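> pasting a predicted model and its sequence here:
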Amino acid sequence: MPIRIPEQLPAQDVLLGENIFTMDSLRAANQDIRPLEVGILNLMPNKIETEVQLLRLLSNTPLQINVDLIRIDNLAPKHTPQSHMDSFYHDFSSVASKRYDGLIVTGAPLAHLDYRQVKYWDTMAEILNWSERHVQSTLYLCWAAHAAMFHFFNVERNLREEKLSGVFEHKVLNPHHDLLRGFDPYFYAPHSRFGHISCDAYSGVKDLSVLARSDQAGAYLAATSDNRKVFVTGHPEYDPETLHEEFQRDQQSGQPAIVPQNYYPNDNPEREPLVRWRSHGSLLFTNWLNYCVYQNTPYDLNLLAGHAGVRGDK
């Protein structure tokens, strides 16, 4: 089934070129089905690139999905045209009364800032609190995963001296968990971050379990027992070239440029990257949408507040 996205969104042409089924509003209106409502709070500077990556993963399920792109403030993004933001993004205030089956909160390049120094932290905290009443399941990626751990559970991250960058092998710790259905015992996923929270810190939170981890990268996937909060410390959505582009940007900016580990053959940046994570990244999003969202969200979203419902027949 398709995802429903705004007409003229640049991601539409990219996805259609990849033979991914998208649907405009007119066609969706003629289908007698209650689509899932999914919000994407996009904190990344290059909004369009992140939109394409996430929409590609959301599209790979038999579910029809309405997607709202949400912005956290009105400041002009550094790497995205203001016209794009005005055309396709909702201010949080305009959707605050709405309820969502699922919400995705992206990472953000805020590695070295204390959370309270982040210019939009008050709004971020408001949205995190709002999500507990208005969203069935929220998927937090990278920086957002650490920020949510701090906000909800007062768990502080540590900062690494060197950036963790590369593609790392992870071990499935709970093969019977819904989020890991169909996973191989070991799988690969990209990471790109300075922040680190130990597995023990995750496991020390009541009703929170680490589901997959890496010897090199640490905890990768964790979730609350009701699956309403899902934490992913890496980037399953990354394109094959994303780590390469980040490495080049670091070089050009004069920052210490860490060659992404296990990404280029023999860690040689002159060679074509090895792509080993996309199938499991797609499966993770599919499992989240099906088992954490669709199977639990109420048919009437007005019944959502404060409860993990059982979905009725459609």
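Looks like it came in fine.
> what residues does stretch 86-98 touch?
Contacts with stretch 86-98, where a contact means CB atoms under 8 Å, 6 or more residues apart in numbering, come from 6, 8-9, 37, 39, 41-42, 47, 68-72, 74, 123, 126-127, 130, 134. The C-beta positions use only the backbone N, C-alpha and C, and glycine is treated the same way.
> where do the strands of the stretch 51-200 of the chain begin and end?
65-71, 89-91, 100-105, 135-141, 158-172, 186-196 (DSSP state E, counting those that start in this stretch).
> now the third one against strand 135-141, angle please.
If I follow you right, that is strand 100-105. 20 degrees (axes from the mean of the first three to the mean of the last three CA atoms, to 10 degrees).
> who does strand 100-105 touch, helix- and strand-wise?
Counting contacts by 3 or more CB pairs under 8 Å, 6 or more residues apart in numbering; DSSP states H and E, strand 100-105 packs against strand 36-41, helix 121-134, strand 135-141.
> before we move on, what about the fifth one?
Where contact means 3+ CB pairs under 8 Å, 6+ apart, strand 158-172 is packed against strand 186-196, strand 208-214, helix 242-253.
> tell me the buried residues in it?
Lys163, Leu164, Ser165, Gly166, Val167, Phe168, His170, Val172 (16 or more other CB atoms under 10 Å).
> of those, just say which sits nearest to Gln216.
Phe168 (5.0 Å; CB to CB).
> residue contacts, Glu51?
Residues counted as contacts of Glu51 (CB under 8 Å, 6+ apart) are Leu9, Pro10, Ala11, Ile40, Asn42, Leu69.
> how about these, which pair is most distant?
Taking CB to CB as the measure, those have their most distant pair in Pro10 and Ile40, spaced 14.6 Å apart.
> who has more neighbours out of those two?
Ile40 (23 against 16; other CB atoms under 10 Å).
> specify the beta-bridge partners of the residue nearest to the more buried one when sequence neighbours are not counted.
Setting aside the residues directly before and after it, Ile40 is nearest to Ile104 in space (CB to CB, 6 or more residues apart in numbering), at 4.9 Å. Counting by DSSP bridges, Ile104 is bridged to Ile40, Leu139.
> check whether Ile104 really touches Ser137, as I assumed.
No. Under the criterion of CB atoms under 8 Å, Ile104 is not in contact with Ser137, lying 9.9 Å apart.
> and the contacts of Glu51, which is closest to Glu272?
Of those, the one sitting nearest to Glu272 (CB to CB) turns out to be Ala11, at 25.0 Å.
> contacting residues around that closest one?
Contacts of Ala11 by CB under 8 Å, 6+ apart are Ile5, Ile48, Glu51, Val52, Leu55.
> and the two most separated of those residues?
Going by CB to CB, the pair spanning the contacts of Ala11 furthest: Ile5 and Ile48, at 12.4 Å.
> for the two, indicate the residue with more neighbours.
Comparing Ile5 with Ile48 by neighbour count (other CB under 10 Å), the higher total belongs to Ile5, at 25 against 19.
> just to revisit the earlier point, in a markdown table, list the contacts of Ala11 along with distance to Ser203 and pLDDT.
Shown next, in a markdown table, are these (distance: CB to CB, whole Å; pLDDT from 0 to 100):
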| residue | distance to Ser203 | pLDDT |
| --- | --- | --- |
| Ile5 | 38 | 66 |
| Ile48 | 37 | 94 |
| Glu51 | 34 | 95 |
| Val52 | 35 | 94 |
| Leu55 | 33 | 94 |
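> format those as JSON lines; extra columns: distance to Ala217.
Converted to JSON lines, the contacts of Ala11 look like this (distance: CB to CB, whole Å):
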{"residue": "Ile5", "distance to Ala217": "32"}
{"residue": "Ile48", "distance to Ala217": "27"}
{"residue": "Glu51", "distance to Ala217": "26"}
{"residue": "Val52", "distance to Ala217": "25"}
{"residue": "Leu55", "distance to Ala217": "26"}
